[in-house]
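> Below are the sequence and a predicted model for it; my questions follow.
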Amino acid sequence: MHDSADDLRAVTLHNGVTMPSIAFGTAFGDWVGATDFQGFLPEQAWRAVTLALDNGYRAFDGARVYGTERIVGTLFGQRFASGELTREELFITTKLAHPAAPPHINISHKRTWDADKVGDIAQRVRDDMVDTLDDLGLGYVDLLLVHWPGSFGMNTTGDPDFPRQARATIWRTFCELADKGAARAIGVSNFTIRHLRQLMEDVPEPERRPVVNQVEIHPYCRDPELEAFCRERGIVVTAYAPFASGAFGLLQDPALVGIAERHGKTTGQVVLRWHVQSGRTALPKTSKAKRMGENRDIYDFALSDEEMRAIDALGAGETRRTCPDPSNVV
């Protein structure tokens with residue numbers, strides 16, 4: 001049985017920065033086909049982020065590619081102006097270096113790029129960071145992540161080592177941005193064990209290893225080997241799509257429903273409790289105020305070892321993803 005006390009409300013990254021265990025995700029719309037396909041709808045951020053702030057969220061996970069940074073920054077700015085909120089109360093994550101998106105997704109070509117199509121990778125990262133901070137209206141972010149390890153398509157350079165070299169260039173530029181104070185901590189997203197191994201070989205200073213690896217994890221999509229690899233190296237694992245973005249009927253799974261009924265909680269609360277009790281942080285997203293409150297109310301109960309194993313077992317079959325498989329990225 002795990003202690004359900006406050007020690008799960010935050011994690012300390014290996015560089016000493018404290019990060020809340022639950023953050024509010026700021027990608028809106030539906031780009032996975034869980035509902036009628038919509039693509040990205042940044043306008044939904046106005047109401048949802050306002051409600052999230054009203055419901056006590058102080059950690060927010062964004063990305064250049066989501067198209068919501070100006071909206072999110074404006075909403076923060078309004079509260080800074082009124083004195084209701086200070087910058088120090090917030091933990092802001094953003095992500096850069098998203099590869100060119102598939103043509104069916106409505107993302108601006110300005111927000112995505114493939115490293116083999118960019119003349120100066122480091123300068124592109126620096127320029128994107130300036131644009132991101134301008135949109136957010138902030139002088140720094142708390143956590144900056146490499147959004148994907150590389151392109152979804154073919155490497156067109158003819159150099160099989162290019163994708164690895166590009167990752168190292170992006171990472172060294174992230175280190176430079178952190179040194180300048182543009183980010184308090186730097187990490188990666190969607191990196192496999194192979195990607196992480198290569199990066200830590202190419203930039204071998206121990207203090208330069210990523211503090212976080214943000215990957216898709218939910219009860220139907222697990223990677224215990226990757227989590228163990230990260231844990232051994234002091235890299236915190238953050239679960240995006242912690243409820244599978246509403247796909248696969250996850251929150252109606254009978255095993256989860258049974259556990260939720262036993263604890264007098266919702267299935268969403270059970271899934272989030274499973275995440276934090278497993279040592280992960282998580283990024284739930286909802287547009288409903290009631291759910292926002294519920295998603296933060298997971299510290300007054302604990303799952304038994306048997307219940308944890310039962311939820312783990314849901315991911316033992318075929319992995320079900322809502323995003324591309326990072327192992328396909330060269």
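Sure, I can see it.

> what about the strands in the chain?
Taking DSSP state E as the criterion, the chain carries its strands at 10-12, 18-20, 24-25, 29-30, 39-40, 59-61, 91-96, 143-146, 186-189, 212-216, 236-240, 281-282.

> would you list these in CSV and tack on mean neighbour count and mean pLDDT?
C-beta: built from backbone N, CA, C; applies to glycine. Shown next, in CSV, are the strands of the chain (neighbours: other C-beta atoms under 10 Å; pLDDT from 0 to 100):
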stretch, mean neighbour count, mean pLDDT
strand 10-12, 16, 97
strand 18-20, 17, 98
strand 24-25, 24, 96
strand 29-30, 19, 77
strand 39-40, 16, 82
strand 59-61, 24, 98
strand 91-96, 25, 98
strand 143-146, 26, 98
strand 186-189, 25, 98
strand 212-216, 25, 98
strand 236-240, 24, 97
strand 281-282, 25, 98
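
> how about these in CSV, adding distance to Ile170?
Shown next, in CSV, are the strands of the chain (distance: least, C-beta to C-beta, whole Å):
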stretch, distance to Ile170
strand 10-12, 24
strand 18-20, 21
strand 24-25, 23
strand 29-30, 26
strand 39-40, 23
strand 59-61, 19
strand 91-96, 8
strand 143-146, 6
strand 186-189, 9
strand 212-216, 15
strand 236-240, 19
strand 281-282, 23
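
> and Asn106, which of the ones you listed is closest to it?
strand 39-40 (3.8 Å; C-beta to C-beta).

> can you map out the helices along the stretch 51-200 of the chain?
69-82, 121-136, 162-179, 193-202 (DSSP state H, counting those that start in this stretch).

> Out of these, the one nearest Thr112 is which?
helix 121-136 (10.2 Å).

> Please state the offset of that closest one from the chain centre?
19 Å (C-alpha atoms, centre = their mean, to the nearest Å).

> who touches it?
Helix 121-136 has contacts (C-beta atoms under 8 Å, 6 or more residues apart in numbering) with 62, 64, 69-70, 72-73, 76, 92, 94, 96-97, 113, 115, 118, 139-141, 144, 166, 169-170, 172-174, 176-177, 182.

> Now that helix: buried residues?
Neighbour-count burial for helix 121-136 flags 121, 124-126, 128-129, 131-133, 135-136 (criterion: 16 or more other C-beta atoms under 10 Å).

> now swap in stretch 110-120 and tell me
Result for stretch 110-120 [16+ other C-beta under 10 Å]: buried residues 111-116.

> Arg320: which of the residues you listed is nearest?
The closest of the buried residues of stretch 110-120, once distances to Arg320 are taken by C-beta to C-beta, is Thr112, at 24.9 Å.

> sorry, back to before: adding mean pLDDT and distance to Ile22, write the helices of the stretch 51-200 of the chain out as CSV.
Listed next are those as CSV, based on pLDDT from 0 to 100; distance: least, C-beta to C-beta, whole Å:
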stretch, mean pLDDT, distance to Ile22
helix 69-82, 98, 17
helix 121-136, 98, 20
helix 162-179, 98, 24
helix 193-202, 98, 24
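
> mind giving me JSON lines with those and columns for distance to Arg9?
Below are the helices of the stretch 51-200 of the chain laid out as JSON lines (distance: least, C-beta to C-beta, whole Å):
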{"stretch": "helix 69-82", "distance to Arg9": "21"}
{"stretch": "helix 121-136", "distance to Arg9": "24"}
{"stretch": "helix 162-179", "distance to Arg9": "25"}
{"stretch": "helix 193-202", "distance to Arg9": "27"}
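
> To Met292, which of those lies closest?
helix 69-82 (14.5 Å).
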